[in-house]
Structures are given as C-alpha cells and as structure tokens.
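**Student:** Just a sequence and a predicted model for now, questions to come.
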Amino acid sequence: MNKLNKIKLLEGKLICVTGLHIGGGDNGMHIGGTDNPVIKKVGAVSEPYIPGSSLKGKIRSLLELYKGGNEFDSDLAQLFGKKAKDNDNKHISSAVGRLSFWDCFLTEEWKQKVQEKDLPYTEVKMENVIDRASGTAQHPRNTERVISGSEFNFKLTIKDFEGDNFENLILTGLKLLELDSLGGSGSRGYGKVRFENLTIDGTSVQSKFDGIKLF
C-alpha cells in the first residue's frame, strides 16, 4: 500500500430542498405522535440529524450505477473499502476505504432561524395507498419529515495516499445525490437535497462541483 500523505476534510452545507425522511427505527404508534418518525439526536427530542451511514450508502450505490452497476469497480473499492474482483469474480485485492462520513447536524444558523420564526424542525405528512381498482385511499399512515429549507453541516474525511486522484469521483457522487434523493420515498418527492459552500481543507471546490456535467 502507498504511503498516507494526509487526511483531507471536505465540508459544506447540505440543504433540504424538499421534506426529508430518514427513519428513526420506532415502529410503535404513540398517542399524539407519528407512527413513522425521523431519526433524532439522543436527548434532543425535536432535533433531527442525518446519519453518515445513510449518506455513504446512497452515494456508494449511485456511483455503482453511474459506473455501470459494477460493485467491484477498483476505484469504488478504494473509496469505500470493498474487496476488488475481476470479471471472473475472482478476488484481486482488498482496499482500505478512503472516505469517512460524519453524521450531519443542523447548523447553528438554521436552529436560530427556527427559534426566531417559531418554526418546527419537522412536519407530519399523511400518507396512504390508492386502490387502483376502486380509486379509494387505504391504509393511512403518518410520516414525519424534516421540513424543506433545513440546513445541515456536511463533512467527510478523505485519506489521501500517494498516487490518489479521487476528488472528481467524490464530487460526482455528491452531484448524483443532488439529482436523485436521500432517505425514504424519493419517488414521491421526498429527500431532494443540494450542497453549498463545499471546500476541501478550506479551499473552495463549489465552482468545480457546480460545473460537473454527468449526462
């Protein structure tokens, strides 16, 4: 393995363009509550966050699709730490993952705005299933969402080894996420996000990110 040169910090702001739902794992219906809550910080009943694992999993799957559905692609194996295989499904090598995703918490600016305007951190949206034969709504369900406009601190660290050149691929993953969705119910308009003020070790890469053309 090549020498580790440094660990870079990519950070910026993740903004919810539409309501976001990442489940909190509570399947029980509580009186006065919702039966499908979002994940929240321990000890902060009303303050949601975005798990780093949710970002990592979605960006990884999108990059796999973008690169032809090859989960054993050597570049992705190096970024995310998966064993690389050849076309005959034979093991080639194991790779140390370059990326570490941090949990994303609400920005102090957004929390202050919420307090000043007396806004909630989340909303509850009624969901149901339409019976196509009868045209009637069935199985109503309350779903909690982080409200649109919410702002989160986005951070990931990049282990930079000698010979690495993964910056474009990483930014491509973020751009794919902007075009797709994060969390549940993306096909129904949930989870549209955008990135702002992206920097790597304090140097802006936002213009480079904005200029990425994928298709």
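**Tutor:** Ah, there it is. Numbers count the residues shown, from 1 in each chain.
**Student:** next one: phi and psi at Glu167?
**Tutor:** phi -60, psi -50 (degrees, to the nearest 10).
**Student:** Can you name the element that comes right after the lengthiest strand in the chain?
**Tutor:** Longest strand in the chain, counting residues (DSSP state E): strand 4-16. For strand 4-16, the following helix or strand on the C-terminal side (DSSP states H and E) is strand 49-50.
**Student:** what pairs with that following strand, and is each one parallel or antiparallel?
**Tutor:** When pairs are called by DSSP bridges, strand 49-50 turns out to pair with strand 104-105 (antiparallel).
**Student:** Give the next helix or strand downstream of the strand it pairs with.
**Tutor:** helix 108-116.
**Student:** Please export the C-alpha coordinates of that next one as PDB.
**Tutor:** Below are the C-alpha coordinates for helix 108-116, written out as PDB (Å, rounded to 0.1, in the frame of the first residue of the first chain):
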ATOM      1  CA  GLU A 108     -26.500  26.900  14.300                       C
ATOM      2  CA  GLU A 109     -27.800  29.500  11.800                       C
ATOM      3  CA  TRP A 110     -30.700  27.200  10.900                       C
ATOM      4  CA  LYS A 111     -31.500  26.500  14.600                       C
ATOM      5  CA  GLN A 112     -31.500  30.200  15.300                       C
ATOM      6  CA  LYS A 113     -33.800  30.900  12.400                       C
ATOM      7  CA  VAL A 114     -36.200  28.200  13.600                       C
ATOM      8  CA  GLN A 115     -36.300  29.700  17.000                       C
ATOM      9  CA  GLU A 116     -36.800  33.300  15.800                       C
END
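**Student:** Can you name every helix or strand that that helix contacts?
**Tutor:** Under the contact criterion of 3 or more CB pairs under 8 Å, 6 or more residues apart in numbering; DSSP states H and E, helix 108-116 touches strand 151-161. Every C-beta, even on glycine, is put in place using the N, C-alpha and C of the backbone.
**Student:** chain center to the strand it packs on: distance?
**Tutor:** Remark: strand 151-161 is offset 12 Å from the chain centroid, using CA atoms, centre = their mean, to the nearest Å.
**Student:** What residues of it count as buried?
**Tutor:** Neighbour counts using 16 or more other CB atoms under 10 Å place 151-156, 158-161 of strand 151-161 among the buried residues.
**Student:** Closest to the centroid, which residue in this structure?
**Tutor:** In the chain, the centroid-proximal residue (CA atoms, centre = their mean) is Leu55; its distance is 3.0 Å.
**Student:** Mind listing residues that contact the one helix or strand Phe209 maps to?
**Tutor:** In this structure, Phe209 is located in helix 206-210 according to DSSP H and E. Contact with helix 206-210 is made by 12, 171, 174-175, 195-199, as judged by CB atoms under 8 Å, 6 or more residues apart in numbering.
**Student:** Thanks a lot, catch you later.
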